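Enquirer: Need coordinates for the following:
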Amino acid sequence: MATLNEKLADSIKSLSQLTGSDGSRRIFKTAEINRTDRERLLGAGYLKEVMRGWLMTTRPGDREGDTTAWYTSFWEFCRKYLDDRFGSDWTLAAESSAPLLADNLNVPEQLIVSSPKANNQNVHLLHDTSLYLLRARSVTPNAIKTAGMRTPAAPEVLCNVTAAFWEHNKNDVIALLGSIRATSSILTILLAGGRTVVAGRIAGAYRILGNARAADDIISAMQRAGHNVREDSYPFKAAVSLQFSGTRVVSPIVSRIRLMWSDMRENVIKAFELEPRTIEDKEQYLAAIDDRYASDAYHSLSIEGYRVTEELIEKVRNGTWDPDSDEDREHKNAMAAKGYWDAFQVVRKSVAGILDGADAAVVAEEQHLNWYRALFQPSLEAGIVKPENLAGYRQHFVGIRGSSHTPVNWESVPDAMEAFFECLKNEKDPRIRAILGHFIFTFIHPLPDGNGRAGRFLMNTMLASAGLPWTIIPVDRRDEYMKALEDASVRSKIEPFARFVADCTKHEPPPPRRSRPGEKLKEANLDAASGPTSTP
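Expert: Presented below is the predicted three-dimensional model:
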């Protein structure tokens with residue numbers, strides 16, 4: 001007779017056949033899994049019910065209230081549920097389409113869907129999210145696929161979102177405006193509907209953003225068609241710091257990264273109250289970094305994805321799988337520790353180059369993938385990761401544990417990183433480079449794993465260029481750290497993160513230096529009331 005472990009292993013194997021070899025499928029109808037397997041997997045924590053008739057994969061040991069599995073599965077569930085209910089006869093409403101078209105994959109509290117088959121019903125989902133099914137006479141005839149969802153094209157969305165949406169979702173709108181190749185696609189909609197108010201709003205936006213030609217074209221075409229258009233000189237009800245480069249089309253994610261940088265930089269300076277210094281003793285500074293290694297190495301994080309593997313199946317079958325066992329846990333920990341040591345040495349060389357006068361942003365651009373590869377080389381040699389994982393930027397969708405922010409779609413990562421390093425190199429204040437460098441890097445989440453570690457490496461290389469000490473994010477402040485990043489990612493509030501990093505920096509020993517001839521050095525800290533961070 002099969003043991004309980006063997007029965008569970010068989011059920012996991014059945015699930016793995018449904019999820020696919022890469023584990024990319026996460027949503028299933030209840031009928032796809034037989035009752036026996038379903039009950040075992042639900043009981044063991046491998047499945048969770050989304051709503052009656054629908055299941056998603058989860059990870060055993062997830063804490064009650066953990067949102068990661070749901071936020072990672074949200075778009076897949078919505079697509080499959082809507083296709084199952086309405087076939088192809090549905091599209092997202094303009095306000096729900098705009099963020100997706102602008103490369104903003106954050107999970108909304110409510111997604112509005114239009115369909116002639118809808119019944120104006122609100123469908124409640126997990127973690128206070130919902131679908132509102134709006135009955136419409138018809139749906140967009142030329143819907144496009146955006147992040148797997150059916151949406152109108154960008155010109156139609158821009159012409160149909162409300163003025164309030166422009167005010168509260170400025171960056172989404174600007175990203176869409178910059179992505180449109182020709183005003184003719186917008187004018188077709190404006191002229192067909194005589195949309196004079198919308199025409200004035202769009203023309204005003206283009207003029208503010210530096211594309212006067214597009215603004216003039218819209219006004220001229222509307223006037224020749226007999227429409228009196230008043231150009232809106234304040235369409236976003238807020239200042240705009242970004243300018244388009246003429247009429248060149250810009251990827252939405254490129255505009256989004258540039259907007260975030262330009263909107264946040266002044267607030268970083270206000271919140272990050274430490275002044276840059278000059279490092280007068282390179283070797284002592286590097287020695288101080290070495291002294292911080294043991295404590296710094298403790299603070300690594302990055303938990304990615306859900307995958308059912310053959311190895312897991314066999315461990316469960318043999319009764320040897322235990323996620324809390326020292327052997328299983330310590331093997332991975334040992335590889336991570338070795339990788340962190342190797343990466344730390346590569347980063348240390350980067351810092352040495354910066355202290356010798358190299359541009360910190362250029363060093364980061366040239367070296368960040370070497371930091372990443374050093375992190376995971378030992379895991380590759382141990383067979384924990386596959387060789388292709390060291391190729392570079394990720395080639396798959398990821399979620400961030402405990403966060404409602406969804407990182408950039410993997411297809412857009414190269415464009416996002418190009419824009420990121422453009423901003424980093426154009427920025428000359430090292431404090432802004434440190435704060436926005438860390439934040440926007442992890443916002444993009446470009447790597448298959450280790451994004452948090454690489455982001456902190458990047459932050460510290462920029463802090464070194466500012467003459468500020470290597471800064472550790474203490475584990476006992478992890479919740480504060482993650483919340484500050486969440487405020488920046490989801491609510492565009494960078495001040496909490498800037499203040500948090502500045503406070504951690506104050507608690508580090510100041511960079512050492514030799515005394516000048518005739519000078520007697522006094523003991524000094526960045527903050528007299530603080531001392532060095534203790535090793536966790």
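Enquirer: what helix or strand does the nearest residue to Val362 once chain neighbours are set aside sit in?
Expert: Sequence neighbours aside, Lys425 is the residue nearest to Val362 in space, at 6.6 Å (criterion: Cβ to Cβ, 6 or more residues apart in numbering). For the C-beta atoms, the positions are set from N, CA and C on the backbone; glycine is no exception. For Lys425, the host element (DSSP states H and E) is helix 413-426.
Enquirer: Please identify the buried residues of the helix or strand just after that helix?
Expert: Using DSSP H and E, the next helix or strand after helix 413-426 towards the C-terminus is helix 430-444. Of the residues in helix 430-444, 430-444 count as buried by neighbour count, 16 or more other Cβ atoms under 10 Å.
Enquirer: Ok, stretch 135-145 next?
Expert: For stretch 135-145, by 16+ other Cβ under 10 Å, it's Ala136, Val139, Thr140, Ala143.
Enquirer: That stretch: end-to-end distance?
Expert: Using Cα to Cα, to the nearest Å, the end-to-end distance of stretch 135-145 comes out at 21 Å.
Enquirer: I'd assumed Tyr132 was in a strand, is it?
Expert: Yes - counting by DSSP: H, G, I helix; E, B strand; the rest coil, one finds Tyr132 located in a strand.
Enquirer: mind checking how far the residue sitting nearest the centre point of the chain is from Arg59?
Expert: For the chain, Pro407 is the residue whose C-alpha lies nearest the centre (Cα atoms, centre = their mean; 2.8 Å). The span separating Pro407 from Arg59 equals 18 Å under the rule Cβ to Cβ, to the nearest Å.
Enquirer: cool, Ile112 as well?
Expert: 31 Å.
Enquirer: so what are the domain limits for this protein?
Expert: 4-58, 86-248, 257-308+340-506 (automatic domain parsing).
Enquirer: Looking at the buried residues of helix 430-444, which one is closest to Tyr206?
Expert: Distances from Tyr206 to the buried residues of helix 430-444, taken as Cβ to Cβ, are shortest for Ile440 (25.9 Å).
Enquirer: check contacts around Pro430.
Expert: Pro276, Ala360, Met462, Leu463, Ser465, Ala466 (Cβ atoms under 8 Å, 6 or more residues apart in numbering).
Enquirer: follow-up on the earlier one: could I get the contacting residues of the residue nearest to the residue nearest to the centre of the chain when sequence neighbours are not counted?
Expert: Nearest non-adjacent residue to Pro407, counting by Cβ to Cβ, 6+ apart: His445, 3.4 Å away. By Cβ under 8 Å, 6+ apart, the contact set of His445 is Arg394, Val398, Ile400, Pro407, Val408, Asn451.
Enquirer: any chance you could read off phi and psi for His445?
Expert: Phi and psi for His445, reported as degrees, to the nearest 10, are phi 60, psi 60.
Enquirer: Show the pLDDT at it.
Expert: If you check His445, the pLDDT there is 95.
Enquirer: how close does it get to Phe420?
Expert: In terms of Cβ to Cβ, His445 sits 12 Å off from Phe420.
Enquirer: What of Tyr340?
Expert: Distance of Tyr340 to Phe420, given as Cβ to Cβ: 23 Å.
Enquirer: The two: who's more crowded?
Expert: Shown here are Tyr340 and Phe420; by other Cβ atoms under 10 Å, Phe420 has more neighbours (27 against 22).
Enquirer: ok, that one - contacts?
Expert: Contacts of Phe420 by Cβ under 8 Å, 6+ apart are Ile257, Ile440, Phe441, Ile444.
Enquirer: What is the burial count for Tyr234?
Expert: Tyr234: 13 neighbours (other Cβ under 10 Å).
Enquirer: One more: Gly193?
Expert: So Gly193, with other Cβ under 10 Å, has 12 neighbours.
Enquirer: List the contacts of it.
Expert: Cys159.
Enquirer: pLDDT value on it, please?
Expert: 93.
Enquirer: Ramachandran coordinates for it?
Expert: phi -100, psi 0.
Enquirer: pretty sure Ser114 contacts Glu95?
Expert: No - between Ser114 and Glu95 there is no contact under Cβ atoms under 8 Å: 10.9 Å.
Enquirer: With neighbour numbers in mind, choose between these two.
Expert: Between Ser114 and Glu95, Ser114 has the larger neighbour count (other Cβ under 10 Å), namely 25 against 20.
Enquirer: Check the gap between the more buried one and Glu32 for me.
Expert: 28 Å.
Enquirer: Select, from the contacts of His445, the two members most distant in space.
Expert: Arg394 and Ile400 (12.6 Å).
Enquirer: which stretches of the chain form strands?
Expert: 27-29, 47-51, 54-57, 91-92, 110-115, 121-124, 130-135, 144-146, 149-151 (DSSP state E).
Enquirer: from the ones you listed, which stretch is densest packed?
Expert: Highest mean neighbour count among the strands of the chain (mean count of other Cβ atoms under 10 Å): strand 91-92, with a mean of 26.
Enquirer: That one packs against which elements?
Expert: Using 3 or more Cβ pairs under 8 Å, 6 or more residues apart in numbering; DSSP states H and E, the elements in contact with strand 91-92 are strand 110-115, strand 149-151.
Enquirer: Let me have the ones you listed in CSV, extended by mean pLDDT.
Expert: Output for those, formatted as CSV (pLDDT from 0 to 100):
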stretch, mean pLDDT
strand 110-115, 96
strand 149-151, 96
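Enquirer: So for Leu242, which of these sits nearest?
Expert: Smallest distance to Leu242 across the helices and strands packed on strand 91-92 (Cβ to Cβ): 23.8 Å, for strand 149-151.
Enquirer: low-scoring stretches of the stretch 101-250 of the chain, by residue?
Expert: 246-247 (pLDDT under 70).
Enquirer: From what I see, Ala154 and Leu100 are in contact.
Expert: No - using Cβ under 8 Å, Ala154 is not in contact with Leu100; the gap is 10.4 Å.
Enquirer: what about Asp217, how many residues close to it?
Expert: Asp217: 19 neighbours (other Cβ under 10 Å).
Enquirer: no no, Gly402
Expert: Neighbour tally, Gly402, other Cβ under 10 Å: 16.
Enquirer: Pop out the phi and psi values for it.
Expert: Torsion angles, degrees, to the nearest 10, at Gly402: phi 80, psi 10.
Enquirer: From Leu47, how far out is it?
Expert: 20 Å.
Enquirer: same check, this time on Arg135
Expert: Separation of Arg135 from Leu47 (Cβ to Cβ): 33 Å.
Enquirer: Would you mark the buried spots in stretch 258-268?
Expert: Result for stretch 258-268 [16+ other Cβ under 10 Å]: buried residues Arg258, Leu259, Met260, Trp261, Asp263, Met264, Arg265, Asn267, Val268.
Enquirer: export the residues you listed to CSV and tack on pLDDT and distance to Asn119?
Expert: Below are the buried residues of stretch 258-268 laid out as CSV (pLDDT from 0 to 100; distance: Cβ to Cβ, whole Å):
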residue, pLDDT, distance to Asn119
Arg258, 95, 42
Leu259, 94, 38
Met260, 94, 39
Trp261, 96, 44
Asp263, 93, 40
Met264, 96, 42
Arg265, 95, 47
Asn267, 96, 45
Val268, 97, 48
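Enquirer: hang on, the earlier thing: output the helices and strands packed on strand 91-92 in a markdown table; the columns should cover distance to Leu177.
Expert: A markdown table is the format used below for the helices and strands packed on strand 91-92 (distance: least, Cβ to Cβ, whole Å):
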| stretch | distance to Leu177 |
| --- | --- |
| strand 110-115 | 22 |
| strand 149-151 | 16 |
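Enquirer: on that earlier part again, inside helices: which ones of the buried residues of stretch 135-145?
Expert: Per DSSP state H, helices hold no members of the buried residues of stretch 135-145.
Enquirer: Looking at the residues you listed, which is nearest Cys159?
Expert: Distance to Cys159 across these (Cβ to Cβ) is lowest for Thr140, with 11.9 Å.
Enquirer: before we move on, back to that, for Lys80, which of the domains of the chain is the nearest?
Expert: Of those, nearest to Lys80 by Cβ to Cβ is domain 4-58, at 5.3 Å.
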